[in-house]
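1. Provided below are the primary sequence and the corresponding predicted coordinates.
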Amino acid sequence: MTRKTRKVEEEPDNKTASDVEHFGGNSGAEDGISDYGDMVEGDDEEEWGGVTGGQAEIEEEHRPGTKPKKPPTGEELRAIKDAADLFRSGSFKLQIDALLPNVRPKASRIPPLDRFLLSLHTFLMGIPSVSPQHPLEAARKLLKKGVAVPYSLPLPTEDTNWKVAFDSPSDITLAGSWANKVSVKLKDGLKFGVDLAVEMPNSLFQEKDYLNGRFFHKRSFYLATIAAAIQSPKSGFNVEVFYESLLEDVRLTKLVLVPKSDGSHTDFTKLNAQVNIIPVLSPSSPIPLHRLSPSHSNIRISTNEDAKPPTPLYNNALLRSFTPRSHLLTTYSLKEESPAFADALTLLRIWATQRGFSEGSRFCVRGFEGSGPLWVGLLALLIRGEEPRASDSKYTKRRPLGKGLSSYQLLKAALDCLAKSFGKSPLFVKAKDGHRFPPEEYEGPEAVLVDSGSFVNLFSGVPLGSVKLLQYEASKTLEILNEATITGDPFTQVFLKDSRDLSTRFDIVLRIDLSTVKPRSSSIQATLDSGSTSTALMSSLGSLVSRGLGDRVEAAAILHPSPAARPVSQAHPFVPDVIVIGLVLDPQNAFRLVDHGPAADDEDEVALNTFRELWGDKSELPHFKNERMIESVVWEVKTADERAHIPAMIVQHILKRHFGLEEDALQTWQSSFDSVLRLPESISSKYLASGVSTGFKGALSAFDNLVKAIKALDDELPLTLSTVSPTSELLRYTSVFSPVPLPASLATSMPPNTRYLAPIDIILEFEKSSKWPDDLRAIQKIKLAFFERLASVLMESVSGLKANVVVGNGAQESEIIDKACLEIVTSEGWAFSARIWHDREATLLDRIIDDKKKAMSHIATTKEAKKGKDYSEGLLAKELYIRRFIHAPRHHRAIAALCHRYTAFSGTVRLVKRWLASHWLLHGHITVEAVEIICAHFFVGDGRKFAIDADTEQAASHLVPASKERGFATVVQFLAEWKWEDGLFVHLYGPELPESSKPTAKGSTEGVWSISTEVDSNGRMWTSHGPDMVVAFRVRALAKATWDYLQGLEGGQLNVQSMFIHPTDDYDFIIKLDPTALTRYHHNVAADHSFLSKQGTYANQQQREVNADVLPGFDPARLLFSDLQRIYADTFKIFFDTYGGDRFGGVWDPTLKQPRPFRVLGGFSSIPVTKESDKAKEKGLVTLNEKGILGEIERLGTGLVKCITVQSKS
Amino acid sequence: MSPVSSINGFSLIPVLYTPSTTHYIYARPHSSSKTESSNALPSGRTLFLVNTPPDATERELILLFKHCGTVERVVFDFEAKEHHDEADSEDDEDEELEEPVQVDEQPRKRRKTSKSDVPTVTPLPSTSLRTLRRTGRSAHIVFLDTSSLDRAMSRVSKPRPWPESEEPRGAAHYRALYASLRPPLDVVRDHADTSIELYEYQLAKEKQKSKYRKGEAIIDEDGFTLVTRGGAYGKTLGGGVGVASKRFQRAGESGRYRTKKKEKKEKEGFYAFQKAEKQRSELMNLKKKWEEDKAKVEKLKASRRFKPY
């Protein structure tokens, strides 16, 4: 161990002793483990309550010597018990133990650093002193050596009358986390920081140096001199020297030494560390501390002597020069006091780093660079409690937590403290000597946490938006930890996952180019206080945006990559030119149309002016509320889509008004996401012009009208209609496109390839009756009769309505399966497809399926052992019955309810569906219901929210996305990482379980996804027919690619549209369809508009061929697709975008390409292998007849298929 | 290079889809092992085809083999059907057993009946549409005479173009299918009504035929009376007899035995050793679980999962 580190450790020893005593007296005799009774509120009893009772007893009974098979020893038992009690669970503890060594520096690599530090110490002590000289002159001299002096504002001028000088440091100490061995690795390969506090001798300073940045100038010169000395080749150090400024504040510049690899005995490159030289002041320096309280004004530039605006940031920055030693000692004593402190701090820092509350080269939250003392301060607050504030008697002070808490408990307590008590009022860590400055002086917009030395506010310079985000993230993590799902692994989510990506974190992401920024008003005072123009700009930008958004957001944070270290020849720090503003919305307020300000006739002129100043010409008067004129801002929106843009519009307005940023400096992605869910302009304008009522509202009211019409016919039907249940995505807000009707009048004006009318599925249930026959075939016939009757009477009673009985779907040959439906087209052009649910079918089908039904065989018939066909048909019919009549209506109700509860849910589902469809997977391989349930997972969480009433629930839930873009990103991320073998449980239906033991269909499942809900325990209801293994892997790969692409958000090069363009390279063959022969080409994600105009090349020809009849649900491409899928199920996998796709993609089954012996029921079209060798001939090997099959496909798709291209894979 | 002309006893019939695309049908004379089905597929003049095109119609196959002789009929997917189809029912009127030839999609409630008093079902209108079968399936061609079969087998013909019948294809097929699935309402009504009539007729007939009459006991040859539960038939004859539950009938087990739990003779935790043993096993479980967790984490550690960044 080197001299320095030893020194550090020796010194605090004496100090700690007294500290410990102090605290011991304070909190009474507390022995380690027993005091988890006063754990934080956040820790639920249930988590570890159950285990304790029994175990205490066990331990007492535990006698050695009575067991032959070695039960755990007392020590082991204690460890096990501790893990279960003090941590979330045993495995959680083990995982933490496994995690911690990975983020700490490797001990074996430290010795070179120690040697380096030793020689550095000698070197620094030996730097020759520089005699006092004029600051500018001194700077010029240094500049010749290639070192700039980073003077801060207000800059020294030629007529300054004080001098800067250098003298060898009075003390050099290792400080910060390295000295206490609590360093935590940083993200993106950034280096461990080894802080070296170099104490500037008192002789350099005068009492008045606290004024007008004089101290900082002297400090800068001191630092620059050291830099020059180290950099000069004479020093013998093989290091690169940089400046680095915290928060782009020149006043907080430090010197960074990065080693160059040369293999010498002081080369510590392998350690991945850097040495930071931080000049500090000795406690006995002549600068008077009492001048530095937050309310003091220490920059006197204005001529007006009366106006002395306080300079809290300036003062705080100066005070930071006193803190390193004090923090070092605090950390050390905390470490000694509380055994789990070091681990807790590490966990807390990992947590923060993963969420961007630290340095990083990706977008990180502003204000958290070099935030090490902050986390220590936070834990100190918890462990030592809060300094009481005498002035505020009713303020209840935070009690110190026990010192025996485990690291996990401390972490949770810290998160809880962050989530609940931050930002409300200033917090003061219990200080030995009480408050240094009056606590009242800290009242201000910033969050306040004053450190244990009572020097500085650790949150100084951290924008309020960032603090809000910190709070939000803390609540989110607490929710994850408290959530008791089986599927989620909280450990991964909390510690291992990089949660810095913007798209799943923020509801709205705005990327702003600051290169053209022109602040409307900038106060010199604010600029001087914050140290530089850019810092001042950021803070005013943050606060104005926050004010504009108000309670619409939970947090509005500024993010940018941490500025890189700069060469010492550059005095001023890099300023980020691109920032991201991330908004976390509060869904209840976010989309409000009007912001009310103060009343116009209010006496409070100031409030009125502030309001007008904030909004500019957006602020209007004539709005009446309680017959008063109220200054208001109204956001005008035309569609529901636009309503979701209001928060972005507000930010845009504010940036334009206050910072002169035009629209092109601002990038958002909302409207491009909207556009993939919209019909092309040329088509939607026709709908708009025709004046039909469209959208989900239109569909719902059409449905209601239809139900009324049918109910009115009760007398004319043999049975009374009891229920009509909708089961269509068009009626539950989750269809990709908002539903539109297609009246015949409109159809004629539409191009024929856009005349698709989606039928809306509904289920009719009639009263129970004994009139139904007791035979499945007859039931299907009776249904036909019912439909016919209903159709005739409906057409009679409702004018303009057309009804047709559809007797099957063409592919289904079974007679016992429910296949008929009634197709109704209303006069407004809505299409419905109604089916009848008869619950007796289930029983009858069960009888067929059930082997042992023939107990009555003596009596009834003599049919024996005819299992085969009936049985398999019965299984199919049963599966369909359960899905269609039992699960679909229930699913519909649950999803529709979710759409009402969460504004972003519907949009999320629609985007995900669109995405899956555009990658040729939806419908053909993945059912829409499965998608809806997966999406619902991110909204219902672990289902316990159902218990809480609706109001508090939304406010409480931090995991729920509030915009469809975030929802989409969340689902994509999930799909990219989901191990489907583990399944997924979604609490879709809430705890009030409708009669348990619901029938679930048996049968083979080729699907691999298992998505279970309360009513579907094996989770194959909607995924039994896919995705199979191949497709599931495909989904994962696509999700991964999309997810990676989404990260382009940071660079600003994200093009939403191209996320929905499917790469076709890996298909064996592509079948191109003729866009003019399709019926829903307008749904195509990248439709070629020339095919969408009626005046196409073949317009006349088309006109003749296609009659303008509206054919609900007629989609020949889809029919061809499902036929091909069925015919060639074992030959190839085929993929297709059902939303107007004009290509099929096919992949051969790779096993068929191998020659194999000929079999009669081979199940694929084969061609004999022609080989010269007789052996092949003898064996009769055959292989896949690819060409022949493609020829068949071309023939099957006559009139639809344009051409087939075979792609050779490289 | 000479193409293979036969494979595993099948001769190859190349068919040209387009001049450049060839499809292969494998042919062999049909030989039936079972005598019973011989009348369905007479051996000697039946050709067995494998790998017929999925969209082949009867007409197209007839045209393809026209040069060999007259085709009596075509049977698709006989094997597949065979073990699915019901064996002939004993009921005379059910005898028809829908013909294996499926000309179209129309629902096959179309029972041709021999007896005049049986109600006939008005069929739904049928348009001639292709049935798209799965690929690689088989078909049987029944020729009028045996010589045709020989001709078909003997001629290793040069590739012949695939004939086309008039049934629509592709887009036209789907359009026609769409229309055919939506028959006029009156036809649907007739079809439904007559189907129900037939059903009721059959029901009545079955009742008549059943050995069981209402109000009569069933006595088997040993003289035992069968007593069964309820329904339309089952007034428990003789009365006062305990009748097995439906569940018993189906599952062959009664609920009574299952619900009865074995009662333990000893109370748990009565003796000290029980208590000690229980606690010990609890501890063991605890340790076991701990070890399992440990092993799991070790495994994860090995997969370098604990590198957060």
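-> Received, thanks. Residues are numbered from 1 along each chain as shown, chains lettered A, B, ... in the order given.

2. can you list the residues of the stretch 401-550 of chain A near chain B?
-> Residues of the stretch 401-550 of chain A lying close to chain B by C-beta under 8 Å from any C-beta of the partner chain are A:495-496, A:498. Using the backbone N, CA and C atoms, a C-beta is placed for each residue, glycine as well.

3. which stretches of the stretch 101-250 of chain A form strands?
-> A:130-133, A:164-166, A:171-175, A:192-200, A:239-245 (DSSP state E, counting those that start in this stretch).

4. select, out of those strands, the one closest to residue A:881.
-> strand A:192-200 (64.4 Å; C-beta to C-beta).

5. the closest one to strand A:239-245, inter-axis angle?
-> Put simply, strand A:192-200 runs at 80 degrees to strand A:239-245, going by axes from the mean of the first three to the mean of the last three C-alpha atoms, to 10 degrees.

6. helices or strands up against strand A:192-200?
-> helix A:110-125, strand A:171-175, helix A:176-179, helix A:214-231, strand A:273-281, helix A:323-337 (3 or more C-beta pairs under 8 Å, 6 or more residues apart in numbering or on different chains; DSSP states H and E).

7. what residues of that strand count as buried?
-> Neighbour-count burial for strand A:192-200, counted by 16 or more other C-beta atoms under 10 Å in any protein chain shown, picks out A:192-200.

8. distance of residue A:1007 from residue A:1018?
-> 11 Å (C-beta to C-beta, to the nearest Å).

9. which of the two has more neighbours?
-> residue A:1007 (24 against 13; other C-beta atoms under 10 Å in any protein chain shown).

10. in what helix or strand does the more buried one lie?
-> For residue A:1007, there is no enclosing helix or strand under DSSP states H and E.

11. next one: the residue most central in space within chain A from chain B, what distance?
-> The C-alpha lying nearest the average C-alpha coordinate of chain A belongs to residue A:504 (C-alpha atoms, centre = their mean; 2.2 Å). From residue A:504 over to chain B the distance is 17 Å, taken as C-beta to the nearest C-beta, to the nearest Å.

12. kindly report the same for residue A:1040.
-> 18 Å.

13. same thing with residue A:1131?
-> 6 Å.

14. wait, doesn't that residue sit right on residue A:1152?
-> Yes - counting by C-beta atoms under 8 Å, residue A:1131 does reach residue A:1152; the two are 6.6 Å apart.

15. just the C-alpha atoms of stretch A:526-540, please, in PDB.
-> Only the C-alpha atoms of stretch A:526-540 are listed here, as PDB (Å, rounded to 0.1, in the frame of the first residue of the first chain):
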ATOM      1  CA  ALA A 526     -28.200  34.400 -14.600                       C
ATOM      2  CA  THR A 527     -25.400  33.700 -17.000                       C
ATOM      3  CA  LEU A 528     -22.700  34.800 -14.600                       C
ATOM      4  CA  ASP A 529     -24.300  32.800 -11.800                       C
ATOM      5  CA  SER A 530     -24.400  29.600 -13.800                       C
ATOM      6  CA  GLY A 531     -20.900  30.200 -15.200                       C
ATOM      7  CA  SER A 532     -21.400  30.100 -18.900                       C
ATOM      8  CA  THR A 533     -24.000  30.900 -21.600                       C
ATOM      9  CA  SER A 534     -24.600  27.300 -22.400                       C
ATOM     10  CA  THR A 535     -25.300  26.300 -18.900                       C
ATOM     11  CA  ALA A 536     -27.600  29.300 -18.500                       C
ATOM     12  CA  LEU A 537     -29.400  28.400 -21.700                       C
ATOM     13  CA  MET A 538     -29.900  24.800 -20.700                       C
ATOM     14  CA  SER A 539     -31.400  25.800 -17.400                       C
ATOM     15  CA  SER A 540     -33.700  28.400 -18.800                       C
END
